[in-house]
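Student: Next comes the sequence, and after it the predicted model I'd like to discuss.
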Amino acid sequence: MNIAEEAKGETKHVFKRCTFQQLIAKQPNKKRAWKSLKQIISAERSLPWPEDYVHYSSINAPPSFRPPEKFSDLSGLPAPYTDPQTRLRFANKDEYAMIIGLPMDITAGYLALRGATSLVG
Amino acid sequence: MELLEFKDWKSVPDIVHCYKSQLSISETPIIIDNGSYQARVGWAISDAPLLSFRNLVAKLRRERSKKDGSQESIVPQLQVANDISNIEAVRFQLKTQFDRNVVTHFEAQELLLDYSFFHLGINTDGNVAHPVIMTEAFLNPNSSRQIMTELLFECYGVPGIMYGVDSLFSFFHLNTRPTNHGLIVGLGYHTVHVIPVVNGKTIFENVRRINIGGSHIISFLHRILQLKYPAHNNAITLSRAEELLHSLCLVALDYKEELKKWSDNEYYKKNIKRIQLPFSSSISSGLTEQQKERKRELARRLAEINARKREERLAEDEEKLQQLLFIQQMIKANKDSSEIEMSMLEYGIKNLDDLHKNIVTLNSRIEKAKEKIFAVNTSDDVLEEPPLKQPKFHKMSFENETAKLLFVQKIKKTKQEILNKKSARKQRRQDMAKRRTAAGQERMRIISQLARKEKGNDDFGYRDEDWDIYKAISREGGDSDSDAENEKLMELDEILREYQPTDVDQGIPGESYQLHVGIERYRAPELLFKPYMIGSSEAGLSEVIAYVLSLFDNETQSLLAENVVLVGSLANLPGLMERIKIDLISVRPFKSNLQVHCIGNPDVASWLAMKNFVQQTEYKDFLTTREEYEEYGSEFFKTHAASNFYIPTPKSQVVEIIDS
């Protein structure tokens, strides 16, 4: 606590009336936990707003209506094939030869990047 | 071939600007473009923002500075914005006030406001006597704005605040072609907004936001390069990926067509960008100088200990010799026999012969020890290095070049044979593991045949060859990769290196430290149009634009399509404007009018727009003053064309208990 006070003392600016901490803290030692955006949104949604009110969360983009194209995980080229073992997509036999030799963490990294880590789909 | 290098820009600490008296007298507003990537801060009368910094705070751990207490003052525990000289060094301690594009963490926001006001040079006591014009997220939740207002009024004592949305500011106050209709595409660091404006009014309910922005492109690029070059995992940093996005990335006009071009090997070779990572060319020879020094020191200390022990033992022996000699003299002098026997017993000596023997051995031992000490002292500092490892084979001499060539070829052939065997075995193992392959099915057939019980004619095992069948069905296929084989392979490699050094490790130093960036240049920005590339289910930019247009009637649609405006730093990406235009043409009616353009310099557009707003209009009408803050509460703010709307947060359903 002492160190924190010293550190704050150093950076005290003349134009400031008080720190925010002093302003909001009911107990001086307790730190305020800030709500994440998710929490703020769900708190906002639970309130009885007027009918036509537009929320932060109500302007999310619609889901895509076009079927996603398949691209090779390695090169980004259009990928007609999928390796059943690693579930990576690949464009040609050279890439397949590479996939065979890839260690687990790399293949998992590629899948995670594509957001395809769930077992189904 | 041209070789690019990373520049690794370092941020330069900001100077504290001079606070002129006329600024304080005229209450010049402070304009803050508070973006989730960068903040730009400046006076409303200057031509450009004075400060421009990443909205980041690095909180270094206290433990580290505690450990070496003397250095505590050298490394500040808190680094704000441009004070962060090396962003990668503190990557894990970085904090921002933003969660997506909304300010949620106000402790960090406070630090950054401190930083801004301090570097503007404000030195008035107890307050910042300037109205603050600040940007906020589109549809910023009331609670977030409320805390910001409290922070500004209570801690800094500002006289007034005005909020607005950055992309709306740009549209309304920097547009060289002022129109009442338009479709704004706000390209941000975390989000992309598509905002329709009709008759000078934002149509809030038809705005759509894609939760993908510059930061996603950067981390996507970062990750694909890391996965492509796992060896340089640490050298490929987020800042470098960001640099790549700024310097190399561009948007493909037709992504599929672009991919087709890149799949051609010739095109790939011609258009690939090579980027050199920093590397050190010196090949360390096992031990460094420091390690050698430490080893020498250790050896010296061991030698000293040995010498000391030897000397102690020598002294001991000499003493004992003296005693024994004394006894001998006593015997010679025919002294009292009982006394002699006592002292002889003390040294464990039975008779005269024993005594003589002891004296002789002691003498020789002392002699040897002395010799050794002498030898060590003369060759004191010459500590031998252990002899270098002898190679396992001796260099052969060949009669001529052809003989050598033949020998090398033979070695190579042996090596290839081993490698072939290995790969065949690997293939076999893989085939065996799968059920559908021929090898796997053959194995299953044999197993089922073996398991079949036939009474009477079971003659399995009469011949020795019968047992070979178990070798055939084992997954290893009878033999496995042996250590002997691996050893042999290494030995062959060594021999090859000896006789044909160029064959094994070839090439320019640092070539393995090059990143080849090809399709990635197009692939990363394509994320804006194909969010499914990182597993998001949201529609891409072009699709959302088409969707937003479809929410209007035909007449309004064409009004909007005639004025599509790009704002935000990402609009700097080459090809983005053309791409959006092409995609729009495909969804608009044939030959309909269509315009896509960019406003000013996307980097500072919204700041300049805010400045214009302050200079041109009666901005004071839109300021939320201190009195209003105290009167209407911290949620209240005044709206204008470029701001969000204001609807007070409804009270949550409180069950009122009425006393009757």
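Tutor: Yep, that arrived. Numbers count the residues shown, from 1 in each chain, chains lettered A, B, ... in the order given.

Student: which non-adjacent residue is nearest residue B:547?
Tutor: Nearest residue to residue B:547, sequence neighbours excluded (CB to CB, 6 or more residues apart in numbering or on different chains): residue A:62, at 5.8 Å. C-beta: built from backbone N, CA, C; applies to glycine.

Student: Work out for me the element residue B:274 sits within.
Tutor: Taking DSSP states H and E as the definition, one finds residue B:274 inside strand B:273-276.

Student: The residue nearest to residue B:271 when sequence neighbours are not counted: neighbouring residues, count only.
Tutor: With sequence-adjacent residues excluded and distances taken as CB to CB, 6+ apart, residue B:271 is closest to residue B:518, at 6.8 Å. In terms of burial, residue B:518 registers 17 neighbours under the definition other CB atoms under 10 Å in any protein chain shown.

Student: Contact partners for residue B:518?
Tutor: Applying CB atoms under 8 Å, 6 or more residues apart in numbering or on different chains to residue B:518 gives the contacts B:262, B:268, B:271, B:272, B:273.

Student: Among these, pick out the one closest to residue B:27, please.
Tutor: When the contacts of residue B:518 are compared for distance to residue B:27 (CB to CB), residue B:273 comes out closest, at 51.3 Å.

Student: Name the residues linked to that closest one by a beta bridge.
Tutor: Legend: beta-bridge partners of residue B:273 under DSSP bridges are residue B:517.

Student: Check what pLDDT it gets.
Tutor: pLDDT recorded at residue B:273 is 90.

Student: And residue B:354, by the same measure?
Tutor: pLDDT, the model's per-residue confidence, is 82 for residue B:354.

Student: The residue in chain B positioned nearest to chain A: neighbour count?
Tutor: Nearest to chain A in chain B, going by CB to the nearest CB, is residue B:535, at a distance of 1.5 Å. Using other CB under 10 Å, residue B:535 has 15 other residues around it.

Student: which ones are touching it?
Tutor: By CB under 8 Å, 6+ apart, the contact set of residue B:535 is A:114, A:115, A:116.

Student: confidence score at the nearest residue to the first one once chain neighbours are set aside?
Tutor: By that I understand residue A:114. Spatial nearest neighbour of residue A:114, excluding adjacent residues (CB to CB, 6+ apart): residue B:535 at 5.7 Å. Per-residue confidence at residue B:535 stands at 89 (pLDDT).

Student: Which helix in the chain has the most residues?
Tutor: Because you didn't say which chain, this covers chain A. helix A:104-114 (DSSP state H).

Student: please go with chain B instead
Tutor: Residue-count comparison of every helix in chain B, with assignments taken from DSSP H, identifies helix B:289-332 as the longest.

Student: quick one, the very next helix or strand once past that helix and helix B:289-332 angle?
Tutor: Next helix or strand after helix B:289-332 toward the C-terminus (DSSP H and E): helix B:337-346. Here helix B:337-346 points in a direction 160 degrees away from that of helix B:289-332 (axes from the mean of the first three to the mean of the last three CA atoms, to 10 degrees).

Student: Just the residues contacting helix B:337-346, thanks.
Tutor: Applying CB under 8 Å, 6+ apart, the set of residues contacting helix B:337-346 from outside is B:323, B:327, B:330, B:331, B:350, B:355.

Student: from the residues you listed, which would you call buried?
Tutor: Among these, those scoring as buried are B:327, B:330, B:355 (criterion: 16 or more other CB atoms under 10 Å in any protein chain shown).

Student: Residue B:625 reaches residue B:158, doesn't it?
Tutor: No: under the criterion of CB atoms under 8 Å, residue B:625 makes no contact with residue B:158, lying 9.8 Å away.

Student: Flag the least confident of the contacts of helix B:337-346.
Tutor: residue B:350 (73).

Student: Whichever residue of chain A sits closest to chain B and residue B:111, how far apart?
Tutor: Here chain A gets closest to chain B at one residue, residue A:115, 1.5 Å apart by CB to the nearest CB. If you measure residue A:115 against residue B:111 using CB to CB, to the nearest Å, the figure is 34 Å.

Student: Contact partners for residue B:212?
Tutor: Residues in contact with residue B:212, defined by CB under 8 Å, 6+ apart, are B:191, B:192, B:527, B:528, B:531, B:534, B:536, B:538.

Student: Tell me how many other residues crowd the third one.
Tutor: What that stands for is residue B:527. Other residues within reach of residue B:527, judged by other CB under 10 Å, total 23.

Student: for chain A, which spans come out with low pLDDT?
Tutor: A:1-11, A:24-32, A:118-121 (pLDDT under 70).

Student: what's the residue lying farthest from the centre of it sitting at in phi/psi?
Tutor: Most distant from the centre of chain A: residue A:14, at 38.1 Å, with distances by CA atoms, centre = their mean. Its backbone dihedrals place residue A:14 at phi -70, psi -30, with angles given as degrees, to the nearest 10.

Student: and the gap between it and residue B:125?
Tutor: 6 Å.

Student: How about residue B:109?
Tutor: Between residue B:109 and residue B:125 the distance, using CB to CB, works out to 23 Å.

Student: Name the residue in those two with the higher neighbour count.
Tutor: Neighbours per residue, other CB under 10 Å: of residue B:109 and residue B:125, the larger number sits with residue B:109, 25 against 8.

Student: correct me, but the more buried one touches residue B:97?
Tutor: Yes: here residue B:109 lies in contact with residue B:97, judged by CB under 8 Å, at a distance of 3.9 Å.

Student: between the two, what contacts are shared?
Tutor: Once CB under 8 Å, 6+ apart is applied, the residues that residue B:109 and residue B:97 both contact turn out to be residue B:103.

Student: so who does the residue positioned nearest the centre of chain B touch?
Tutor: For chain B, the residue sitting closest to the mean C-alpha position, by CA atoms, centre = their mean, is residue B:237 at 4.2 Å. Contact criterion CB under 8 Å, 6+ apart gives B:88, B:91, B:222 as the residues in contact with residue B:237.

Student: Which one of those residues sits in the busiest neighbourhood?
Tutor: When those are compared by neighbour count (other CB under 10 Å), residue B:222 ends up highest, at 20 neighbours.

Student: Residues in contact with whichever helix or strand that residue is part of: which ones?
Tutor: Counting by DSSP H and E, the secondary-structure element that holds residue B:222 is helix B:214-228. Helix B:214-228 has contacts (CB under 8 Å, 6+ apart) with A:74, A:76, A:106, A:109-110, A:113, B:37, B:187-190, B:232-233, B:236-238, B:240-242, B:244-245, B:249, B:515, B:517, B:520, B:523-525, B:527-528, B:533-534, B:569-570.

Student: make it 6 Å
Tutor: Contacts of helix B:214-228 from elsewhere in the structure, counted by CB atoms under 6 Å, 6 or more residues apart in numbering or on different chains, are A:106, A:109-110, A:113, B:189-190, B:233, B:236, B:238, B:241-242, B:245, B:520, B:524-525, B:527, B:534, B:570.

Student: With residue B:489 as the reference, measure out to residue B:535.
Tutor: Between residue B:535 and residue B:489 the distance, using CB to CB, works out to 42 Å.

Student: now residue B:262
Tutor: Taken as CB to CB, the spacing of residue B:262 relative to residue B:489 amounts to 37 Å.

Student: More neighbours: which of those two?
Tutor: The neighbour count for residue B:262 versus residue B:489, taken as other CB under 10 Å, is higher for residue B:262 (21 against 15).

Student: Let me know the pLDDT of the more buried one.
Tutor: Taking residue B:262 on its own, its pLDDT is 91.

Student: can you tell me the helix or strand for residue A:117?
Tutor: Counting by DSSP H and E, no helix or strand carries residue A:117.

Student: residues contacting it?
Tutor: Contacts of residue A:117 were listed using CB under 6 Å, 6+ apart, and they are residue A:111.

Student: Which parts of chain A are helices?
Tutor: A:2-10, A:20-24, A:37-45, A:93-101, A:104-114.

Student: The ones you listed: which one's closest to residue B:142?
Tutor: Go through those one by one with CB to CB and the one that ends up closest to residue B:142 is helix A:37-45, at 7.4 Å.
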